[in-house]
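Novice: what shape does this take:
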Amino acid sequence: CLLSTSAASSAANSHTSLPQDGLPQSYGSDSGFPPLPSQDPHGGARPQHPMTSSQVPPQGVRFQPQPYFSHLQHRTVFSGSHSFPVVMTDDLVSGTRPNGKMSPVRRTFLLLCTFDVVFLSFLWLIAILVTGNDLKKEFYAQVFLYTIHSSMFDCILVSLMRFTLCMIFYALLDISHWWVVVFTTVGTVGFLVPKVFEYEWHHDPITYDVSLVLLSFIIAWGEAWFFDFRLVPLETKAKEIWDSHGIHQEDERAPLLPPREGGMLQRYIEGSTLYEGSVANFYSPMESLENSEDEEEDQEISEHTGIRIPRRFKRRKNKPFSDQETEFKKIGEQMLQEAWLNINTDEGWKVEKTLSNGDIVQVKTIKKKKVFKLTGFVDISCSLLLEDLFYRIEGMPIWNPNLTDCKIIQLIDEYTDVTYQVCAEAAGGVVSTRDFVNLRHWTLINGTYVSAAISVEHPAMPPQPKKVRGENGPTCYALCPVDGNPEKTLFKWLLDTDLKGWIPQSIIDKALSGAQIEFLQFLRQRAKVLLSSEDNASSIGSCVDPVMLEE
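Specialist: Numbering: from 1, shown residues only. Sure thing, here's the model as predicted:
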């Protein structure tokens with residue numbers, strides 16, 4: 001699993017269904033996504049783009065719906081003729097305040113405060129009943145004849161204090177400052193410490209009295225943790241995201257993306273160096289024919305490399321690189337040179353595994369970390385393989401079951417982008433899901449196509465819940481044509497990855513060589529599909545992915 005973190009095949013335009021009226025449909029009841037609105041934010045009808053004859057799929061082509069991943073939903077924001085999908089993660093939904101109402105994460109916090117007082121009160125009543133004394137007399141003694149030495153009713157009063165303050169300030173007054181929960185937590189601890197020393201612990205049974213004190217301590221700290229590590233971060237992040245997109249949570253019907261400065265998405269729109277129609281690909285673009293034109297017009301063959309480059313990857317010539325893009329390009333070029341040097345250095349490599357078909361996995365220690373190199377042959381030309389591995393990355397989960405999701409989250413130019421990939425669980429869930437945010441860059445060096453990747457941080461994809469964020473790099477693929485047989489590729493894969501988490505690195509290292517060999521097997525199967533379908537739908541600008549063709 002895991003480990004094909006910089007290569008895949010993009011099916012960004014391959015799962016679009018075509019109704020009889022000729023209009024593209026990327027959303028529908030079968031896909032799990034809400035339908036697109038039929039009007040733009042200003043009330044006018046959205047312009048409809050009739051399909052040309054070249055966009056009508058050939059006979060025998062069967063479109064399949066895009067797989068629905070519950071952890072990634074999308075909301076499409078419209079501005080003029082462009083759409084801007086927003087990745088709707090569970091955290092974003094939890095922190096969002098729809099129409100100015102209370103956010104789900106805040107409701108959960110207040111529910112925890114309610115559980116606090118109800119549960120401790122119930123436990124206190126049980127503690128009275130198990131004594132065997134008369135309920136009314138015992139209740140009167142603990143409440144009206146209260147002393148810190150003999151009564152546990154004070155624990156209930158402290159719990160009620162926490163509940164009341166949280167409800168007043170976090171529900172009624174709707175503040176988000178931490179001082180209230182700090183006061184309740186410090187006050188609880190400040191009371192429980194002397195309570196432990198003053199209370200007469202000779203009552204029988206004593207188990208419930210001990211439980212009341214311990215649970216009061218634990219729940220108070222649990223509320224403080226939930227507030228500081230869940231409620232505040234999720235609401236703050238959701239507000240930043242929606243505000244950056246020009247969306248006010250208090251009014252979902254307000255016009256989206258108003259003409260104002262400061263929003264993150266607005267800055268990217270204004271400073272975009274991509275061709276018209278490709279801005280929507282910045283944040284996890286949804287599949288659509290919106291960016292697809294005639295197959296011959298939707299791609300360009302690079303004079304320098306001979307690679308067919310989809311038009312949506314080309315940059316506008318009249319827009320300079322932003323500071324972020326310039327930094328990413330610099331990092332990409334540097335890490336590609338470093339990866340190229342590592343993969344071509346013969347010294348220090350030791351054979352880890354050899355197969356009968358000639359596949360070899362070697363290992364070497366670089367910067368106190370084991371790095372793996374896979375070498376094998378694939379029956380496909382280097383150019384076709386590079387086009388598939390780089391420009392069709394979003395389709396990798398179709399042919400590589402070890403990945404569950406691949407998205408391009410930022411296009412920089414035809415040679416550089418930032419991607420997000422999610423690896424499947426392993427060992428029956430013992431190894432949890434890993435995800436990676438990779439900066440990718442490719443070039444042609446001495447006749448060899450080199451595609452490299454390294455992990456970066458990106459505001460469009462912060463760490464996700466229930467996923468361990470892994471780190472790559474520098475890692476690369478080197479695709480070299482075989483002498484005398486240009487339709488055969490010598491495939492090399494340099495793998496430098498850190499999966500993080502609790503699994504010892506020594507155990508991970510033993511599994512990496514097997515993962516590389518498994519990926520190469522999937523890649524050979526993919527190559528057969530590409531070759532068999534090249535005559536029918538070889539254009540990478542086409543809305544049809546070769547794997548979706550039927551004979």
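
Novice: contacting residues for Tyr208?
Specialist: 123-124, 126-127, 130 (CB atoms under 8 Å, 6 or more residues apart in numbering). In short, each C-beta sits where N, CA and C put it, glycine included.

Novice: show me the contacts for the residue lying closest to Cys113 once chain neighbours are set aside.
Specialist: Nearest-residue entry for Cys113: Cys166, 4.5 Å, with adjacent residues in sequence omitted and distances by CB to CB, 6 or more residues apart in numbering. By CB under 8 Å, 6+ apart, the residues touching Cys166 are 109-110, 113, 180-181, 184, 223.

Novice: would you list the phi and psi of Val450?
Specialist: Backbone torsions of Val450, given as degrees, to the nearest 10, read phi -120, psi 120.

Novice: ok, and what's touching stretch 504-522?
Specialist: Stretch 504-522 is contacted from outside by 1-4, 352-353, 355, 359, 361, 363, 370, 372, 374, 376, 378, 399-402, 491, 493, 495, 497-499, using CB under 8 Å, 6+ apart.

Novice: any idea of the mean pLDDT in it?
Specialist: What stretch 504-522 shows for mean pLDDT is 84.

Novice: same thing with stretch 128-140?
Specialist: If you average the pLDDT over stretch 128-140, you get 83.

Novice: okay, now Ile331: neighbour count?
Specialist: Per other CB atoms under 10 Å, the neighbour tally for Ile331 reads 17.

Novice: read off the pLDDT value for it.
Specialist: pLDDT, read off for Ile331, is 96.

Novice: phi, psi for it please.
Specialist: The phi/psi pair for Ile331 (degrees, to the nearest 10) reads phi -60, psi -40.

Novice: excluding its backbone neighbours, what's nearest it?
Specialist: Closest to Ile331 by CB to CB, 6+ apart is Leu439, at 6.0 Å.

Novice: among the contacts of Cys166, name the ones in helices.
Specialist: 109-110, 113, 180-181, 184, 223 (DSSP state H).

Novice: from those residues, which is closest to Thr416?
Specialist: Nearest to Thr416 among those: Phe109, at 42.0 Å, using CB to CB.

Novice: and the closest one, how many neighbours?
Specialist: When neighbours are defined as other CB under 10 Å, Phe109 has 22 of them.

Novice: just checking, it touches Val232?
Specialist: No - Phe109 lies out of contact with Val232 (CB atoms under 8 Å); the separation is 9.9 Å.

Novice: quick one on the thing from earlier: doesn't the residue nearest to Ile331 lie inside a strand?
Specialist: Yes - assessed with DSSP: H, G, I helix; E, B strand; the rest coil, Leu439 lies in a strand.

Novice: quick one: it and Phe328 touch, right?
Specialist: Yes - at 5.7 Å, Leu439 and Phe328 qualify as touching, with contact defined as CB under 8 Å.

Novice: pull up the overlap in contacts between these two.
Specialist: In terms of CB under 8 Å, 6+ apart, Leu439 and Phe328 are both contacted by the residues 416, 418, 456.

Novice: pull the CA atoms of the helix or strand harbouring the second one into CSV?
Specialist: In this assignment (DSSP states H and E), Val418 forms part of strand 416-423. Below are the C-alpha coordinates for strand 416-423, written out as CSV (Å, rounded to 0.1, in the frame of the first residue of the first chain):
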residue,chain,number,x,y,z
THR,A,416,4.6,20.7,-11.5
ASP,A,417,1.6,20.2,-9.3
VAL,A,418,0.6,19.3,-5.7
THR,A,419,-1.4,16.2,-5.1
TYR,A,420,-3.3,14.5,-2.3
GLN,A,421,-3.4,10.7,-1.9
VAL,A,422,-5.0,8.3,0.5
CYS,A,423,-3.7,4.8,1.1
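
Novice: give the rounded mean pLDDT of it.
Specialist: Strand 416-423 comes out at a mean pLDDT of 94.

Novice: so what strands line up beside that strand?
Specialist: Within its sheet, and counting by DSSP bridges, strand 416-423 is paired with strand 403-413 (antiparallel), strand 434-445 (antiparallel).

Novice: can you give me the buried ones in it?
Specialist: 416-423 (16 or more other CB atoms under 10 Å).

Novice: now the angle from the helix or strand hosting Cys480 to strand 434-445?
Specialist: Cys480 belongs to strand 475-482 when assigned by DSSP H and E. Per axes from the mean of the first three to the mean of the last three CA atoms, to 10 degrees, the angle that strand 475-482 makes with strand 434-445 is 40 degrees.

Novice: how far away is the nearest residue to Ala127 once chain neighbours are set aside from Ile128?
Specialist: Counting by CB to CB, 6+ apart, Ala127 lies nearest to Tyr208, which is 3.4 Å off, once chain neighbours are set aside. Distance, Tyr208 to Ile128, using CB to CB, to the nearest Å: 9 Å.

Novice: so what's Leu385 up against?
Specialist: 378, 449, 479, 489, 491, 527, 530.

Novice: same thing but 7 Å
Specialist: By CB atoms under 7 Å, 6 or more residues apart in numbering, the contact set of Leu385 is 378, 479, 489, 527.

Novice: isn't the second one up against Leu386?
Specialist: Yes - Leu479 sits in contact with Leu386 when judged by CB atoms under 7 Å, with a separation of 5.7 Å.

Novice: what residues are shared contacts of those two?
Specialist: Taking CB under 7 Å, 6+ apart as the criterion, Leu479 and Leu386 both touch Tyr449.

Novice: confidence-wise, which of the strands paired with strand 416-423 is weakest overall?
Specialist: If you rank the strands paired with strand 416-423 by mean pLDDT, strand 403-413 sits at the bottom with a mean of 92.

Novice: C-alpha coordinates for that one, CSV please?
Specialist: The C-alpha coordinates for strand 403-413 follow below in CSV (Å, rounded to 0.1, in the frame of the first residue of the first chain):
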residue,chain,number,x,y,z
LEU,A,403,-5.0,3.6,-2.9
THR,A,404,-8.5,4.9,-2.2
ASP,A,405,-8.3,8.5,-3.3
CYS,A,406,-6.0,10.7,-5.5
LYS,A,407,-6.6,14.4,-6.1
ILE,A,408,-4.7,17.2,-7.7
ILE,A,409,-5.1,20.1,-5.3
GLN,A,410,-3.0,22.7,-7.1
LEU,A,411,-1.8,22.9,-10.7
ILE,A,412,1.4,25.0,-11.0
ASP,A,413,2.4,24.3,-14.6
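
Novice: thank you kindly, that will do.
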